[in-house]
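[1] Okay, predicted coordinates and the sequence, questions at the end:
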Amino acid sequence: MKLLRTHDGQPMTSTATFAKAPAGNLNFVLICVFIDMLGVGLIVPVLPALVGEYVNGREQQALWYGMLGAVFGLMQFVFMPMIGMASDRLGRRPVLLYSMAGMGINFLTTAWAPNLACLFIGRVIGGASSASMAVAAAYASDVSTPDNRAKSFGRIGAAFGLGFICGPALGGLLGNVGLHLPFYVAAALSAANFIYGWIAVPESLAPERRAPLQWSRMNPFAALLRLVRRRDIRGLVVVFTLVTFAQMSLQSTFVLYTSFRFGWGPADNGLALFCVGLSSIVVQAGLLAFLIRRFGEVRLTLLGLSSGALALLLYGLATQGWLIYVIILCNLLSFAAGPALQGIVSKSSTPREQGELMGSLQSISSLALVIMPLVGTAILGAVSHLPPGDWRVGSSFYMCAAMQALAIGIAWWVFRQRGLA
């Protein structure tokens, strides 16, 4: 078996390189991520319906909803490398607080929006400040050893999933009262999150471990180029990109798809997303450590990606709403693939580079959030006139399944080249 090395040639097993941070507590950040995702989850079942109030027809609804997602992703793509590098220079805590404040303003702007233009303003603010996951991942790297880093990422994913257990279900119920109400509640949660973070969250990155601020490295395209130039993780970055693009398309079309195909409303979609969150936390909080011990990070990545590809195909073929719940609950392994893959990639970088690495990976997610809502909703809009039972209504999911299948092949090749598969 070949040893993975950092991009500067140092073995990943160097204890000096990966010494645990002297300060910080992951539990504090887990609570912050949970509250943040609870607020985000509140709006997921209702935002497509809110867009529908300002436009006419399903095709227009899909088009403008996709545009809102693309604007959010564009702002994330531009700002995320800056945010990740700022956390390497200034520390994780101030950047987390900035993110919480910005998301609160985003929710309020959307709640007060009298028209579609104001919805776009809210998306711009939200995209420019949504840094919690990338910085939380860097925080986890600060307070974890290489051996338990994937487990820490899994705990963050579990906090994310727990937010999505409560958020969409509550958002769906509140959305039945009023489409603007979930946004007010999300804004209040962001304010509470900011106050909690200000009082309770300690800094995890000691001053002597901080990296200098280099403006030239904040270019989002330069951040992606640096990832591509790193031959040690290039193949895994391609895998991460394909999987992320597929997942972003799924996320941007799921609520509209179930609305068009099954006639679901906010409460129905909230319940389905509740099941997604429940599955995520069962795996990432309860089963991940066992799965890593049982299969190892490499095999678990391949198994999880395979499960996800099959689920995407079945989503598109489903003809009854109840089948969506069956697919979600049978797709548990896919929730372990992300933390396992992220753990493998993270081990190839030093502590000084974790914020930049996670920010650069998040830039890929942001780029996917620019492109895939436009692609996915365009495909969905093009087939929205078809009868609900027509198999072609699921075309956007077939595309996602194909992308994930390609990712599986590349991941297997990379791991085999390294002697890991």
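    Arrived safely. Numbers count the residues shown, from 1 in each chain.

[2] mind checking how far M103 is from V44?
    M103 sits at a distance of 14 Å from V44 (criterion: C-beta to C-beta, to the nearest Å). Using the backbone N, CA and C atoms, a C-beta is placed for each residue, glycine as well.

[3] the more surrounded of the two?
    Higher neighbour count among M103 and V44: M103, with 26 against 22, using other C-beta atoms under 10 Å.

[4] so where does that one fall, helix or strand?
    Taking DSSP states H and E as the definition, M103 sits inside helix 92-111.

[5] just checking, next helix/strand downstream of that helix?
    For helix 92-111, the following helix or strand on the C-terminal side (DSSP H and E) is helix 116-129.

[6] Quick one: the helices in the stretch 51-200 of the chain, in order.
    Secondary structure of the stretch 51-200 of the chain (DSSP state H, counting those that start in this stretch): helices located at 58-90, 92-111, 116-129, 132-142, 149-177, 181-200.

[7] can I get the CA coordinates of the third one in CSV?
    These are the backbone C-alpha positions of helix 116-129, laid out as CSV (Å, rounded to 0.1, in the frame of the first residue of the first chain):
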residue,chain,number,x,y,z
LEU,A,116,-38.7,38.7,-7.5
ALA,A,117,-36.0,41.4,-7.7
CYS,A,118,-35.8,41.5,-3.9
LEU,A,119,-35.5,37.7,-3.7
PHE,A,120,-32.4,38.1,-5.9
ILE,A,121,-30.9,40.6,-3.4
GLY,A,122,-31.4,38.2,-0.6
ARG,A,123,-29.7,35.5,-2.6
VAL,A,124,-26.7,37.7,-3.3
ILE,A,125,-26.3,38.5,0.4
GLY,A,126,-26.7,34.9,1.4
GLY,A,127,-24.3,33.6,-1.2
ALA,A,128,-21.6,36.1,-0.1
SER,A,129,-21.8,35.1,3.5
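
[8] Enumerate the positions of that helix that are buried.
    By neighbour count with 16 or more other C-beta atoms under 10 Å, helix 116-129 contains the buried residues 119-129.

[9] now swap in the first one and tell me
    Burial within helix 58-90, assessed by neighbour count using 16+ other C-beta under 10 Å, is assigned to 58-59, 61-88, 90.

[10] can you check the second one too?
    Using 16+ other C-beta under 10 Å as the burial criterion, the residues of helix 92-111 that qualify are 92-93, 95-111.

[11] Please apply the same query to the fourth one.
    Neighbour counts using 16+ other C-beta under 10 Å place 132-142 of helix 132-142 among the buried residues.

[12] Generate CSV for those residues, with distance to A159 and pLDDT as supplementary columns.
    Shown next, in CSV, are the buried residues of helix 132-142 (distance: C-beta to C-beta, whole Å; pLDDT from 0 to 100):
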residue, distance to A159, pLDDT
S132, 10, 66
M133, 10, 68
A134, 14, 71
V135, 14, 78
A136, 8, 76
A137, 12, 76
A138, 15, 78
Y139, 12, 78
A140, 11, 77
S141, 16, 76
D142, 16, 77
